[in-house]
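1. Got a predicted model here, sequence first, then my questions.
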Number of protein chains: 2
Amino acid sequence: MVKSDIGTEKVILEAAKRVFHERGLAGARMQQIADEAGINKALLHYYFRNKEQLFKAVFTDAFAQVIPQINEIFDADQPLLDKIRTFAVRYTTLLMENHYLPGFIIQEINNNPNFAAEYLTPERRPNPQKLLSQIREEVEAGRIRPVEPLQLVVNLLGLCLFPFIAAEMIRHVTGMSKAQYQRFLAERQKHIPEFVINAITP
Amino acid sequence: MVKSDIGTEKVILEAAKRVFHERGLAGARMQQIADEAGINKALLHYYFRNKEQLFKAVFTDAFAQVIPQINEIFDADQPLLDKIRTFAVRYTTLLMENHYLPGFIIQEINNNPNFAAEYLTPERRPNPQKLLSQIREEVEAGRIRPVEPLQLVVNLLGLCLFPFIAAEMIRHVTGMSKAQYQRFLAERQKHIPEFVINAITP
DNA sequence: GTCTATAGCCAGATAGAC
DNA sequence: GTCTATCTGGCTATAGAC
């Protein structure tokens, strides 16, 4: 440990995140990661043995950014309708700051389905159990319309995530600029809860 | 044209679709496509010059499967609420028969944003104009709740597409089998229109 | 810890026989 | 039209100097 740089590892990881998020595992090039990090390829291997390990670090990080936050809201001690509002606002905000994450995660799991089991360990995985039973209770009490709880949760997730996953597509079809699209996404923070709550309120 | 096989080209294209849909452009291997087609690599190049051309054929085909169908419903002469029902049913059915398509298209556009402009030519692109103005009219007439038309269209698309794009993820988290997931998707054909119509009906 | 140079492999593409 | 054999380039990974 002559120069013992904690900095270099961090710089590499950040560069790797950018490249992997943009191009995926198969499309990423170690050379590009080195270039973005301002170092040379050999150092990548010095810090992270090989491409697979480097990817592993990036992919694990991706889940760490997202899953605890989701579960925190899922498990919060909050009435259902408030929780829906909180979820839309906080999750959208999180994604606006990490807009590549949803597409990246979904792409890698689709290309390599066993990644789901490898990375979504029992401790670290989205756990909607509490939210699901909360929905069930509200339905049974007649406070919201009868609805299959899982369908509702998938709806909420889809409404939040889809505009990030399909961003380039939607932007192209509508002709929105990046700035306009940002505004569109921000407006969804109010729109989504209103939409969902209208849908389930008797 | 000694044996003039229209069959071989078709066989190659079908094999290429399977492999590209599953692994994406960067992850696909010409060798695997040849294997799946039951022929050898050289023949791939005989029919489709190179990997890029073969991909182009597959990607173009992907849009051709989906876009005309969407536009047909978007442009149909049908009251808004009926159109929403039709869309959820027909689009979900279409995707159940081509469940790799949404993830494939979105992945390639995200990895290579200029593909959007290259493949979504003015003639062949989703065109929600008529649906958007239909929504605007219903809002202005007070027959549905005030809602930003584009938000509603994105909601409808997201509700239909998300469970296909994130299928592996959702299946893993919920522990559903493929058969169970099929049933879940089928149920959404009734669930989605009910959900959306409840959300916008005063 | 960081670099240059290079080994080794793999995948896309071509040559040429049948 | 289809095959086998081979070339070529690019990319991951390592050796070794500083």
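-> Thanks, I have the structure now. Numbering: from 1, shown residues only, chains lettered A, B, ... in the order given.
2. Output the set of residues of chain A in proximity to DNA strand D.
-> Proximity of chain A to DNA strand D (CB under 7 Å from any atom of the strand) is limited to residues A:28-31, A:41-42, A:45, A:49-52. Heads up, the C-betas are built off the backbone N, CA and C, glycines and all.
3. Apply 6 Å and report the result again.
-> Proximity of chain A to DNA strand D, by CB under 6 Å from any atom of the strand, involves residues A:29-31, A:41-42, A:45, A:50-52.
4. residues making contact with the biggest helix by length in chain A?
-> Ranked by number of residues, the top helix in chain A under DSSP state H is helix A:51-75. Here helix A:51-75 makes contact (CB atoms under 8 Å, 6 or more residues apart in numbering or on different chains) with A:12-13, A:16-17, A:20-21, A:25, A:28, A:30, A:33, A:44, A:48, A:83, A:86-87, A:90-91, A:94, A:98, A:101, A:104-105, A:108, A:115, A:119-120, A:124-131.
5. So which of these sit within helices?
-> A:12-13, A:16-17, A:20-21, A:25, A:30, A:33, A:44, A:83, A:86-87, A:90-91, A:94, A:101, A:104-105, A:108, A:115, A:119, A:129-131.
6. Mind checking which of these are buried?
-> Neighbour-count burial (16 or more other CB atoms under 10 Å in any protein chain shown) applied to the ones in helices among the contacts of helix A:51-75 gives A:12-13, A:16-17, A:20-21, A:25, A:30, A:33, A:44, A:83, A:87, A:90-91, A:94, A:101, A:104-105, A:108, A:115, A:119, A:131.
7. For the residues of chain A next to DNA strand D, which PyMOL command selects only the ones that are buried?
-> Buried subset of the residues of chain A next to DNA strand D, written as a PyMOL selection, criterion 16+ other CB under 10 Å:
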select buried, chain A and resi 30+51
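8. Just name the closest of the residues of chain A next to DNA strand D to chain B, please.
-> Of all the residues of chain A next to DNA strand D, chain B sits closest to residue A:29, with 9.9 Å by CB to the nearest CB.
9. And the residue nearest the centre of chain A?
-> The centroid of chain A falls nearest to residue A:102 when counting by CA atoms, centre = their mean (4.1 Å).
10. Just the pLDDT for that residue.
-> On the pLDDT scale, residue A:102 is placed at 98.
11. these two touch, right, it and residue A:95?
-> Yes: Residue A:102 sits in contact with residue A:95 when judged by CB atoms under 8 Å, with a separation of 6.5 Å.
12. residue ranges with poor pLDDT in chain A?
-> Across chain A, the ranges flagged by pLDDT under 70 are A:1-5.
13. Show me the domain layout of it.
-> Here the domain parsing of chain A from automatic domain parsing is A:1-49, A:63-200.
14. for these, which one sits closest to residue B:175?
-> For residue B:175, the closest of the domains of chain A is domain A:63-200, at 10.9 Å, according to CB to CB.
15. Please compute how far that closest one lies from its chain's middle.
-> Offset of domain A:63-200 from its chain centre (CA atoms, centre = their mean, to the nearest Å): 9 Å.
16. one step back: against residue B:172, how distant is the residue nearest to the centre of chain A?
-> Using CB to CB, to the nearest Å, residue A:102 is found at 16 Å from residue B:172.
17. ok, now residue A:63?
-> The gap separating residue A:63 from residue B:172 is 12 Å, by CB to CB.
18. thinking again about what came up before, what sits in contact with each of residue A:102 and residue A:95?
-> Residues touching both residue A:102 and residue A:95 (CB under 8 Å, 6+ apart) are A:161, A:164.
19. Which of the three states applies to residue A:142?
-> coil (DSSP: H, G, I helix; E, B strand; the rest coil).
20. Now for it: which residues touch it?
-> By CB under 8 Å, 6+ apart, the contact set of residue A:142 is residue A:202.
21. Relative to chain B, how far out is it?
-> Distance, residue A:142 to chain B, by CB to the nearest CB, to the nearest Å: 15 Å.
22. Quick check on residue A:40: phi, psi?
-> Main-chain dihedrals, residue A:40, degrees, to the nearest 10: phi -110, psi 160.
23. what sits against the nearest residue to it once chain neighbours are set aside?
-> Once flanking residues are discounted, residue A:40 sits nearest to residue A:34: 5.5 Å by CB to CB, 6 or more residues apart in numbering or on different chains. Residue A:34 sits next to A:15, A:40-41, A:43-44 when contact means CB under 8 Å, 6+ apart.
24. from those residues, which is closest to chain B?
-> Sorting the contacts of residue A:34 by how near they are to chain B, with CB to the nearest CB, puts residue A:15 at the top with 17.6 Å.
25. distance of the closest one from residue A:102?
-> As judged by CB to CB, residue A:15 and residue A:102 stand 21 Å apart.
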